[in-house]
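Participant: Task: produce atomic coordinates for the following.
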Amino acid sequence: MTLPSPQEPSPRSSPGVPGEGVIILGAGVAGLTCGVVLAEQGVRVRIVAEKSWRATASGKAGGLWLPYRIEPRDRVLAWSKLTFDILTDLSADGSTGVLMRDQVELYRDITPAEHIWWLSAVPDHRRLGACELPAGYRDGYAARVPVMDVPFYMPYLERRFAAAGGMVEITGRATESIDSLFGESKLIINCTGLGARQLCNDTELYPIRGQLLRTTNPGIDRCTADELHPLGIAYVIARSQDCILGGTADAHVFDETIDPASRQRLLDVNLQLDARLADAKILEDVVCLRPFRTSVRLERELCPGGSIIHNYGHGGAGYTVSWGCALEVARLVSGSNSK
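Facilitator: Residues are numbered from 1 along each chain as shown. Modelled structure (predicted):
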């Protein structure tokens, strides 16, 4: 099932959905995508969030389709494939903010199979020839994947959600209790990301801190990564007007302070990946706290006052699985796949 373009909203009487509709907690990519899918199926949807997407991990992410730091792999692969297909269709429309880019994965030794386990979800991929490998590298792959140009893609989701009748309420404060919302709706969809750690008392959920640099784009039209660089993970995500340089992956670190040493390392290692970055200007230092869990929590929880569908713990792949997870949420909402 794909949703390549806005659908005409159905009459607002979807089976299994309370008359008052549903509340989605969280306005990041998970919450907005769930909102679009449900609203276009005729469900009355209100998103309630402490912050707009710009202040969330979604607003700070690079937007590359890549199943990074997310488990379990069998479910992730299915979600990622669904999302890949939908995003590929969306890339045909320049107003969506979805770009198709070559993602080049470089390795200093023969590629460990575990690092390319996701290639089966990508129709267009190939192993690089020896003449294509930069100095110091022995192996690599190129895969044609979507990149969500976040400053354009997220407003596209907002417009599509609003066109289907959805409403967004930014409260400026964290929701303290999901139970308190059951007076407004008997069905809550929890897309609070790292906020679920406190909201759900979920100590299995923790941040993976990523420090990034946002630079001008000096004419780069591909993405490149060296996940096993001896100085730490390195990657360049080329968007239409800027580049995202990464990164760090510091587990259990809540600190969002910019580390000057990491900043310099980002410049040094990514210049090795693409020499054109020498002409780029730094626009912004960014710290993103990715919400990681040993297994994404996507399930229905029955409560005395109603039910909650949890959809969080997507690690560094929130954009990558966004549509696949939203479609599964919609099935749970309709009751066709309740747990």
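Participant: Strands of the protein, start to end?
Facilitator: Counting by DSSP state E, the chain has strands at residues 22-25, 45-49, 98-107, 125-127, 139-148, 167-170, 187-190, 206-216, 222-226, 234-238, 242-246, 250-251, 282-303, 306-314.
Participant: can you tell which of those strands is closest to residue 196?
Facilitator: strand 306-314 (4.7 Å; C-beta to C-beta). Every C-beta, even on glycine, is put in place using the N, C-alpha and C of the backbone.
Participant: ok, that closest one: who's next to it in the sheet?
Facilitator: Strand pairing for strand 306-314, using DSSP bridges, gives strand 187-190 (parallel), strand 282-303 (antiparallel).
Participant: Residue 118: which of the strands of the chain is closest?
Facilitator: Per C-beta to C-beta, nearest to residue 118 of the strands of the chain: strand 139-148, 8.6 Å.
Participant: nearest to residue 156, of the strands of the chain?
Facilitator: strand 98-107 (8.3 Å).
Participant: which other helices and strands contact that closest one?
Facilitator: helix 73-90, strand 139-148, strand 222-226 (3 or more C-beta pairs under 8 Å, 6 or more residues apart in numbering; DSSP states H and E).
Participant: pLDDT on that strand, on average?
Facilitator: In this model, strand 98-107 carries a mean pLDDT of 96.
Participant: what does it contact?
Facilitator: 64-66, 87-88, 90-91, 111, 115-116, 128, 133-134, 137-149, 153, 221-228, 238-240, 273 (C-beta atoms under 8 Å, 6 or more residues apart in numbering).
Participant: If I take that strand and strand 139-148, what angle do their directions form?
Facilitator: Interaxial angle of strand 98-107 relative to strand 139-148 (axes from the mean of the first three to the mean of the last three C-alpha atoms, to 10 degrees): 160 degrees.
Participant: Just give me how far strand 98-107 sits from the chain centre.
Facilitator: Its chain's C-alpha centre and that of strand 98-107 lie 16 Å apart, by C-alpha atoms, centre = their mean, to the nearest Å.
Participant: Could you report the neighbour count for the closest residue to residue 287 other than its chain neighbours?
Facilitator: Nearest residue to residue 287 in three dimensions, chain neighbours excluded: residue 256, at 4.3 Å (C-beta to C-beta, 6 or more residues apart in numbering). Other residues lying near residue 256 total 13 when counted by other C-beta atoms under 10 Å.
Participant: what do you get for residue 52?
Facilitator: Residues lying near residue 52 (other C-beta under 10 Å) number 15.
Participant: ok, it - contacts?
Facilitator: 27, 59, 170.
Participant: List just the nearest of these to residue 217.
Facilitator: Using C-beta to C-beta, residue 59 comes nearest to residue 217 of the contacts of residue 52, at 18.5 Å.
Participant: Apart from its neighbours in sequence, what residue is nearest the closest one?
Facilitator: For residue 59, ignoring the flanking residues on the chain, the nearest one in space by C-beta to C-beta, 6+ apart is residue 53 at 5.1 Å.
Participant: Touching, the one you found and residue 35? I think so.
Facilitator: No: Residue 53 sits out of contact with residue 35 when judged by C-beta atoms under 8 Å, with a separation of 11.2 Å.
Participant: who's more crowded, these two?
Facilitator: Comparing residue 53 with residue 35 by other C-beta under 10 Å, the one with more neighbours is residue 35, at 30 against 24.
Participant: gap between the two ends of stretch 310-321?
Facilitator: In stretch 310-321, first residue to last residue: 14 Å (C-alpha to C-alpha, to the nearest Å).
Participant: Same question for stretch 301-321.
Facilitator: Termini of stretch 301-321 sit 21 Å apart (C-alpha to C-alpha).
Participant: and the gap between the residue nearest to residue 102 when sequence neighbours are not counted and residue 177?
Facilitator: Excluding the flanking residues, the one nearest residue 102 by C-beta to C-beta, 6+ apart is residue 222, at 4.3 Å. Residue 222 is 46 Å from residue 177, where distance means C-beta to C-beta, to the nearest Å.
Participant: neighbour count winner among these two?
Facilitator: Between residue 222 and residue 177, counted using other C-beta under 10 Å, the more crowded position is residue 222 (15 against 8).
Participant: so the more buried one makes contact with residue 237?
Facilitator: No: in this structure residue 222 lies outside contact range of residue 237 using C-beta under 8 Å: 9.8 Å.
Participant: sorry, back to before: could you say which one of the helices and strands packed on strand 98-107 comes nearest to residue 311?
Facilitator: Nearest to residue 311, of all the helices and strands packed on strand 98-107, is helix 73-90, at 10.6 Å by C-beta to C-beta.
Participant: Tell me which residues are up against the closest one.
Facilitator: 1-5, 65, 67, 70, 96, 98, 100, 117-118, 120-122, 145-146, 148, 296, 298, 317, 319-325, 327-328.
Participant: Give me the angle between that helix and strand 98-107.
Facilitator: Put simply, helix 73-90 runs at 130 degrees to strand 98-107, going by the same axes, to 10 degrees.
Participant: mean confidence for helix 73-90?
Facilitator: Helix 73-90 carries an average pLDDT of 97.
Participant: How about stretch 32-48?
Facilitator: On average, stretch 32-48 scores 97.
Participant: That stretch: how far from the chain's middle?
Facilitator: Here stretch 32-48 is found 18 Å from its chain centre; the criterion is C-alpha atoms, centre = their mean.
Participant: Cheers, nothing more for now.
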